[in-house]
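Engineer: Dropping a prediction and its sequence here:
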Amino acid sequence: MSLWTYVKRLSLAVLLFVLYELSLLGYSLPKTWEQNKFYLAIIAITVLVTIALFFLFRYCYRKQLDYDNDWNFNQKPHWSSKRIGLSILGFVAIMALQIILSIFLTHGQSSNNQELLQKIANKATILFFIYTAFLAPIFEEFIFRGLFFNVFFTKENKLNFWLGIFFNGFLFGFLHDPSLSKSSVVYITMGMILALVYLKTKDLRYSIIVHILNNCVAVLGMLSLIGK
């Protein structure tokens, strides 16, 4: 990959990440906005922007693979029982590690975390939960797994495999928790597992599925706190 191609891909990844963050604004509006006369218009625009962003992300990801795809990502057939099994193992690993890490890293903070989640759950609209459970994982996998490995560690070898997983997890954790607190370890390990699933299956669909399952569990937990 030439230096110019690298700069273009990195700049595009940053731009798409910014657009993704901006798209969150419409979904993050509190319930009090439901009484606003412009609320439906804002939601309609937000949904249209989300659809447009999805096709933009998918186009950019596939276009880059058409140009350079040493890992052989996104090859047909897309579905196989082996890769589904790897995805299930990835999800189980994430759940297990999150439970273990939360016990050791958030000791004494669980009540504070629950209070914060309760406040968010009580103020959020249904669109926030839909976005968190289904849409955010799709966009984040395009950015953190798809575009990441189209920019960095583009050649398939063992060194790039393990270095890619490590740095991908660290980036995922840092952007979810820039303070790099103890909680960021949970995001870092989750990012590493999602990167492992992507590199092993060579198909973004599987890391998206694992990410969606993880977020659905989190959303169900938040929904259980509503009204408490």
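Structural biologist: Cool, got the structure.

Engineer: mind checking how far Trp162 is from Leu89?
Structural biologist: 18 Å (Cβ to Cβ, to the nearest Å). All C-beta atoms are positioned from the backbone trio N, CA, C, and that covers glycine.

Engineer: now Leu196
Structural biologist: 10 Å.

Engineer: Just want to know which of these two has more residues nearby.
Structural biologist: The neighbour comparison of Leu196 against Leu89 (other Cβ atoms under 10 Å) goes to Leu196, with 22 against 15.

Engineer: Not counting the helix or strand where the more buried one lies itself, show me its contacts.
Structural biologist: Element membership for Leu196, per DSSP states H and E: helix 184-201. Contact with helix 184-201 is made by 71, 83, 86-87, 90, 93-94, 97-98, 101-102, 105, 141, 144-146, 148-149, 161, 164-166, 168-174, 176-177, 204, 206-207, 210-211, 214, as judged by Cβ atoms under 8 Å, 6 or more residues apart in numbering.

Engineer: List only buried entries from those residues.
Structural biologist: Buried subset of those (neighbour count, 16 or more other Cβ atoms under 10 Å): 71, 83, 86-87, 90, 93-94, 97-98, 101-102, 141, 144-146, 148-149, 161, 164-165, 168-173, 176-177, 204, 206-207, 210-211, 214.

Engineer: what's near enough to touch the residue most central in space within the chain?
Structural biologist: Among the residues of the chain, the one closest to the centroid is Glu140, at 3.2 Å (Cα atoms, centre = their mean). The contact partners of Glu140, by Cβ under 8 Å, 6+ apart, come to Tyr20, His211.

Engineer: any idea how far Asp68 is from it?
Structural biologist: Noted for Glu140: a distance of 22 Å to Asp68, by Cβ to Cβ.

Engineer: Relative to Tyr67, how far out is the residue nearest to the centre of the chain?
Structural biologist: Counting by Cβ to Cβ, the gap from Glu140 to Tyr67 is 23 Å.

Engineer: next one: Thr5
Structural biologist: Using Cβ to Cβ, Thr5 is found at 8 Å from Tyr67.

Engineer: which of those two has more neighbours?
Structural biologist: Thr5 (14 against 11).

Engineer: so who does that one touch?
Structural biologist: By Cβ under 8 Å, 6+ apart, Thr5 lies in contact with Tyr67, Asp68.

Engineer: so the closest residue to Leu135 other than its chain neighbours is in which element?
Structural biologist: With sequence-adjacent residues excluded and distances taken as Cβ to Cβ, 6 or more residues apart in numbering, Leu135 is closest to Thr50, at 6.4 Å. For Thr50, the host element (DSSP H and E) is helix 39-67.
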